[in-house]
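> Okay, predicted coordinates and the sequence, questions at the end:
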Amino acid sequence: MMPFGLGRRACPGMGLAQRLVGLTLGSLIQCFEWERIGCQKIDMTEGKGITMPKAEALEVMCKPRPIINKILLGST
């Protein structure tokens, strides 16, 4: 199953969707510090479904980076 289709019936928003996913992921990585909750090894077992979800969800904690707070609030 193709998510956007191919050929004449291709999704007209495919290019925009691909750009937005990249922009969103990049912003999350750049603006936050990410930490795992717990010290257990990450279970990479695949779940059932078309999108191949993880069998056990990954839990993380995110904190805004201090420099981003200064930039967004406009303080120096």
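Great, that's in hand. Since this is a predicted model, take the numbers as computed values, not measurements.
> G26 - how many residues pack around it?
Counted with other C-beta atoms under 10 Å, residues neighbouring G26 total 10. Quick note: C-beta positions are derived from backbone N, CA and C, even for glycine.
> any idea how far the longest helix belonging to the chain is from the chain center?
The residue-count maximum for a helix in the chain (DSSP state H) belongs to helix 14-31. Relative to its chain's centre, helix 14-31 lies at 8 Å (C-alpha atoms, centre = their mean, to the nearest Å).
> Contacts for it, please.
F4, C11, C62, P64, R65, I68 (C-beta atoms under 8 Å, 6 or more residues apart in numbering).
> And whatever helix or strand comes next after that helix, what does it pack against?
Note on helix 14-31: by DSSP states H and E, the next helix or strand toward the C-terminus is strand 32-36. Packed against strand 32-36 by the contact rule (3 or more C-beta pairs under 8 Å, 6 or more residues apart in numbering; DSSP states H and E) you find strand 60-64.
> Give me the residues contacting the strand it packs on.
Taking C-beta under 8 Å, 6+ apart as the rule, strand 60-64 contacts L28, C31, F32, E33, W34, E35, R36, I37.
> what about the protein, any weak spots by pLDDT?
Regions of the chain meeting the criterion pLDDT under 70 cover residues 1-8, 75-76.
> I'd like the contacts of strand 60-64 written out as a markdown table, with distance to G15 and neighbour count added.
Formatted as a markdown table, the contacts of strand 60-64 follow (distance: C-beta to C-beta, whole Å; neighbours: other C-beta atoms under 10 Å):
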| residue | distance to G15 | neighbour count |
| --- | --- | --- |
| L28 | 21 | 11 |
| C31 | 24 | 15 |
| F32 | 27 | 15 |
| E33 | 31 | 11 |
| W34 | 28 | 10 |
| E35 | 34 | 9 |
| R36 | 34 | 11 |
| I37 | 36 | 9 |
